[in-house]
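Enquirer: structure for the following, please:
(chains A, B and C)
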Amino acid sequence: MKLSASVIQYAVICLSVLTYSVYGLSNSELAKLALESPNHIIQLNDQNKEQLLNTQREGYVVVLFTATDPKVKCKICREFESEYIHFVKSWYKDHPNGQSNEDKSKSLFFFEVNIRNVRSMPDLIKYYKIEDVPRFILFRPDGLMDDFEKFTIQTTNTEVRINDLLTKIKTATQIYDIKYYEPTDYSSLLWTVFMTFTVVFIIKRYRNFIYSVFHSNVSKAALLTSFIILMISGYMFNTIKNPRYAGVNKEGDIMYFIPGQLQAQFAIESQIVALLYVSFTIVLVTLVAGQKPLKEFLKGEKHASKIITVLMPITLSFAFYVFVAGFTSIYKVKQSSYPFQVAKLSSLFRRK
Amino acid sequence: MAKKEVQVNKKEKTTEKAVEVPEAVEESKPVVSQKPINSSISKDFSEAWGLSMKSYFEQVSEDKRIMLIDIFCLFLVIFAALQCVFMILIRSTFPFNAFLSSFILCVGQFVLLISLRLQLTEPFPHISKSRAFGEFIFASLVLHFISLHFIN
Amino acid sequence: MVEKQFSKDNWVIQWVQSILMITIFITIFGAAISSRLFSVIKFESIIHEFDPWFNFRATKYLVENNFKDFLNWFDDRTWYPLGRVTGGTLYPGLMTTSAAIWHLFRKIGLPIDIRNICVLFAPGFAGFTAWATYEFTKEIKDSRAGLFAAAFMAIVPGYISRSVAGAYDNEAIAITLLMVTFMFWIKAAKTGSILYSALTAVFYFYMVSAWGGYVFITNLIPLHIFILILMGRYNNRLYSAYTTWYAIGTLASMQIPFVGFLPIRSNDHMAALGVFGLIQIVAFGNFVKSQVSSNKFRAIMIVSMIIILSVGVIGLFTLTYFGFIAPWTGRFYSLWDTNYAKIHIPIIASVSEHQPVAWPAFFFDTHFLIWLFPAGVFLLFLDLKDEHVFVIAYAVLCSYFTGVMIRLMLTLTPIICVCAAVALSKIFDIYLNFSDDSIRDKTTGQLKLGTIATHFIVSGTFIFYLFLFVLHCTWVTRNAYSSPSVVLPSTTRSGEPALIDDFREAYYWLRMNTDEDAKVAAWWDYGYQIGGMADRTTLVDNNTWNNTHIAIVGKALASPEEKSYKLLKEHDVDYVLVVFGGLLGFSGDDLNKFLWMIRIAEGIWPDEVSEHSFYNDNNDYRVDSTASKAMRESVMYKMSFQGFTDIMGHGTGQDKVRGQTLQEGDVLPLDYFEEAFTSENWLVRLYKLKDLDAEGRDLHEASEFERANTKALKRKASKKPDLDLRI
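Expert: Numbers count the residues shown, from 1 in each chain, chains lettered A, B, ... in the order given. Below you'll find the model as predicted:
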């Protein structure tokens, strides 16, 4: 069903495009074309460029050159895509036929050229000498293909991008009744309400328990210690630099650690290292302060004192040794010249 | 907003005594009606004020040294206030460092005196009264030296 | 009974103990100093890196002139044409201390060259840091933990990184002062002694005079007090300790010209003032509390607290709003909002020291201490005394800051040492305890063999880790932190160690062959070195006080020749210095920093410089044939690669840093600049701005004409100037 619908839609577009190419494009025809396209953005490509651009038009046309394909690694393009869609939606919400309400003689339409494959760039890119994306080209009414104006926008964050795009289009087209309506996200609102409700409910139900936890030193200690562990395991690096979660090496295997890099890491490295730090801390704290609680726990047990004074410390120090070995071998991956590896466990992390 | 803060503060106050918790929570309920609490607070306040004034005068009359310290403190407060008023009156902070240094000198001497006074009434462990006095002299000297240097 | 019997022996034991103690301290001192001398042994007694060169120059000025001249020093040889009010914009603590040491040695008949004092300054003070750490940890736990902490502090690489011989930087003395200040503070807070508190203030003053990081103390001590008050642990000792410190410390800190009235004007210092007010109220409340019943007191307390707090906060906001109090400084603000620096102050974000830390760095800098660190904090929490609150607050705050900015690893290191020492000594307290109570059965008096074996195993493993720690520290210090970065280590083809001395070669050339008033434009990293070693006037240097001026240099290097020439001529520049590592494989060269230069210039002139245009069509930063047009036209590119394709002999040049190959026609000729000097390994390249053409032609036309004429002639065999000439 869906397929056939899209085929029909495509056929209609092609047909209409063919018709327009003979007579030039009137506003109503462009508007019709826009309303038929997904998100009201007309996709421009090498096939329809002649028909759409190299004809007499009555309205302004803004073309966005972008590359949203994840392979291109243009993060801004991907971020900007949804904003552009909302921008165009906002325009058509106020002006269903693409015509300005203040100045009826002016109208505005939005095109997009999306680079899907870097190897085979559309000719349009070369034709208009696009050196970077996202980039805009504005075509004036009645102009042909070569009558255009290139412009870029600042890409700091959503607000800056939208404002910049607004002002640049406004100054270039002299159309002033363009507005941007923030997309409302109901799901997050619902989620927040739900979460607040649940949390309040839980707190209400287990008030006494939570109160005692809140006021015990151990829970505070655990909280602050985990904070410290988070910090020393490179969490801030992840939030600031936004590294990849894990990598792939040349053979196509998954890599959990960036080898030979002391100043860079994958996001997953933090989690592994934090886990090791937690283990270190638990072992050490139990070694030092674990005897008393354990005695209480094992009250009445026959070999309680043996377990506490012999078995527990030996097991824990062995566990500590294992963690040390793990840690140093991970570190060896990060710095291959490191000489003080405790045990050679790195083969576990390096897949053949 | 204010009500919430009251609750929070109460909880913090009762940190050590978990037994008092239900009491604290109950107490926070009548806060909704503002008036009675206000009047009771003002009553409490005047009562507390009266009590502390009374015990204070008792304490002062017992020990002449403490009275001396208090008079000196009062003088410093008045002196600092005078400087501020003067600065506001002439509407200029021109030798700002001179003003600052003498103002901070007043404040610093004041807190040093209070520290000494606290130690005289209730000596800290391991610090005798005479050592406290010696330390006070040392700190005052440091303070005055820096202040003099700052005045130019 | 037993005690009486051994009272005489006790006396002996005490003696033995103190002698042991002294021996241990001497050993720690020795270890601290000798592990920092690797750089002197491997290279020579030389000042390192960049900032130390300025400090050294300032110290020389101080030794040659008197203190008053030093404070009023206006330096017209940097930041041309603006100059720099050096005396008022530096922290004089370091220079004053070393000048004092110099005078002292001269008085006792040991005239030592000021350079040697500067080189050996940091190792000497590292010993004192170890001692202060001992005293600090002694207050936190006991002297056993103290000794561990001192030993850790003496050799931990995180601290050595900034205090090797030759690292003559503010941090070298600042960490010592930080620990001494904290030590006195803990003593003051514990005993309430005014004397200790006054000493805290005095050392705080010393710290203010030495390092901008004093703000950390300014906020940490009030935070300690504030948390204690919130926990309901106020007592009169805290009052006398805090108020004395604050009054004397604030007044004293304003004596430093660079700090000036900041302590009462900037928001960084307002927390301390707020807590000062708060503690007065709390002290008063405490007095009232002792007189009236607690129930009534609570009501009064709460109401007054809310009123005072809200008045304080509102007052702070209004004052900030009307400009009486300066808002937080950029560097400070960038700690909280991690994206702030990247957007607003690229100059801060550009410094590699200000990057966030990946996890290996922690291990690299502290080895097994980082495993013990969280456990130490946890264990301190279990018996939460007043002074432990301080350590915990320090640890939590500083671990966050370090996560954001790698340079703050330096301030985190002491507390890692302290916490790790606490954890370790707690383990040894239990498992190295071979006294009768622990290893003999209480009822039968028999030896518990299982327990003894366990104790041996557990303490044995930890002693093994200690041993590893020492090995690690030595290895790291030797390999990573002992390079002066003025002289670079390398190996020859046959594998023998060799030194690359291009920087000094170039600076020496500048010093000998150029006019004394010549102005040199270079990226700011090299400003201090040019000033210190070549003694020539620079446009910008490492004291990045004027962003616009730095952006000018960035713009000049990123622009095409003609524009750049005009800009540089406007600033009277005679020489341009670029650092190029492509031939040698030195990755810290200017082309790698180039993007930051562009970003900084773009921040000021977004219309004229655009970062985008320096990426090629595939959005890559390339230097080979696929480089973008703006890249190839930029002065930086041309200067870096000028003649680069000729030296290999086959018309291509392999850039070893970026791993890209340049073809013969890639590098366009220079029209407005001429090569003046290139160092042995091409690390430093100097270009002279050509004079205006004698025939009044445009320089571009003149060079075109020249090239057309000489086309028939053979090119010079080598573009490299003859090195023998300059002797």
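Enquirer: can we go C-alpha only for contacts and neighbour counts from here?
Expert: OK.
Enquirer: strands of the chain, residue ranges please.
Expert: Since you didn't name a chain, this refers to chain A. Under the criterion DSSP state E, chain A contains strands at A:42-43, A:60-66, A:108-114, A:135-139, A:148-151, A:247-248, A:254-255.
Enquirer: was after chain C, sorry
Expert: C:488-491, C:497-500, C:519-521, C:537-538, C:575-579, C:653-655, C:660-662, C:673-678, C:684-689.
Enquirer: what is the neighbour count of C:Val40?
Expert: Neighbours of C:Val40 under the rule other Cα atoms under 10 Å in any protein chain shown: 19.
Enquirer: for it, give me its contacts.
Expert: C:Ile46, C:Ala165, C:Gly166 (Cα atoms under 8 Å, 6 or more residues apart in numbering or on different chains).
Enquirer: circling back: what's the least confident stretch among the strands of chain C?
Expert: With a mean of 74, strand C:488-491 has the lowest mean pLDDT of these.
Enquirer: what helices or strands is that one leaning on?
Expert: strand C:497-500 (3 or more Cα pairs under 8 Å, 6 or more residues apart in numbering or on different chains; DSSP states H and E).
Enquirer: and the strand it packs on, what does it pack against?
Expert: For strand C:497-500, the packing partners by 3+ Cα pairs under 8 Å, 6+ apart are strand C:488-491.
Enquirer: neighbouring contacts of the strand it packs on?
Expert: Counting by Cα under 8 Å, 6+ apart, C:Ser483, C:Pro497, C:Ala498, C:Leu499, C:Ile500, C:Asp501 sit against strand C:488-491.
Enquirer: that older thread, quick one: which of the strands of chain A is nearest chain B?
Expert: strand A:247-248 (47.0 Å; Cα to the nearest Cα).
Enquirer: what's the closest one in contact with?
Expert: A:Ile254, A:Met255, A:Tyr256, A:Phe257, A:Ile258, A:Phe266.
Enquirer: tally of neighbours for the residue nearest to C:Tyr134 when sequence neighbours are not counted?
Expert: What sits nearest to C:Tyr134 in space, not counting adjacent residues and going by Cα to Cα, 6 or more residues apart in numbering or on different chains, is C:Gly146, at 4.2 Å. Neighbours of C:Gly146 under the rule other Cα under 10 Å: 27.
Enquirer: just to revisit the earlier point, in JSON lines: the strands of chain C, plus distance to B:Ser61.
Expert: What follows is those, written out as JSON lines (distance: least, Cα to Cα, whole Å):
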{"stretch": "strand C:488-491", "distance to B:Ser61": "76"}
{"stretch": "strand C:497-500", "distance to B:Ser61": "80"}
{"stretch": "strand C:519-521", "distance to B:Ser61": "76"}
{"stretch": "strand C:537-538", "distance to B:Ser61": "71"}
{"stretch": "strand C:575-579", "distance to B:Ser61": "79"}
{"stretch": "strand C:653-655", "distance to B:Ser61": "88"}
{"stretch": "strand C:660-662", "distance to B:Ser61": "89"}
{"stretch": "strand C:673-678", "distance to B:Ser61": "86"}
{"stretch": "strand C:684-689", "distance to B:Ser61": "81"}
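Enquirer: show me the shaky parts of chain B.
Expert: B:1-41, B:93, B:152 (pLDDT under 70).
Enquirer: kindly apply the preceding question to chain A instead.
Expert: Flagging of chain A using pLDDT under 70 yields the residue ranges A:1-25, A:71, A:73, A:118-119, A:155-156, A:344-352.
Enquirer: is chain C within reach of stretch B:100-114?
Expert: Yes: residues of stretch B:100-114 contacting chain C under Cα under 8 Å from any Cα of the partner chain: B:Ser101, B:Ile104, B:Leu105, B:Val107, B:Gly108, B:Val111, B:Leu112, B:Ile114.
Enquirer: wait, what's in contact with residue 205?
Expert: Looking at chain A here, since you left the chain open. Applying Cα under 8 Å, 6+ apart to A:Arg205 gives no contacts.
Enquirer: switch to chain C, please.
Expert: Contacts of C:Phe205 by Cα under 8 Å, 6+ apart are C:Gly249, C:Ala252, C:Ser253.
Enquirer: which residue is the nearest non-sequential neighbour of the first one?
Expert: So that's C:Gly249. In this structure, C:Gly249 finds its nearest non-sequential neighbour in C:Ala201, 4.5 Å apart by Cα to Cα, 6+ apart.
Enquirer: repeat for the second one
Expert: Residue nearest to C:Ala252 in three dimensions, not counting chain neighbours: C:Phe205, with 5.7 Å by Cα to Cα, 6+ apart.
Enquirer: list of residues touching stretch A:54-72?
Expert: Residues outside stretch A:54-72 that contact it (Cα under 8 Å, 6+ apart) are A:21, A:24-27, A:74-75, A:77-78, A:81, A:106-118, A:133-145, A:173.
Enquirer: neighbours of the residue in the stretch 601-727 of chain C that chain A sits nearest to, how many?
Expert: When scored by Cα to the nearest Cα, the stretch 601-727 of chain C has C:Asp617 as its residue closest to chain A, at 4.8 Å. Neighbour count of C:Asp617, defined by other Cα under 10 Å: 17.
Enquirer: could you do C:Leu230 as well?
Expert: For C:Leu230, using other Cα under 10 Å, the count is 13.
Enquirer: that one and C:Ser310, how far apart?
Expert: Distance of C:Leu230 to C:Ser310, given as Cα to Cα, to the nearest Å: 16 Å.
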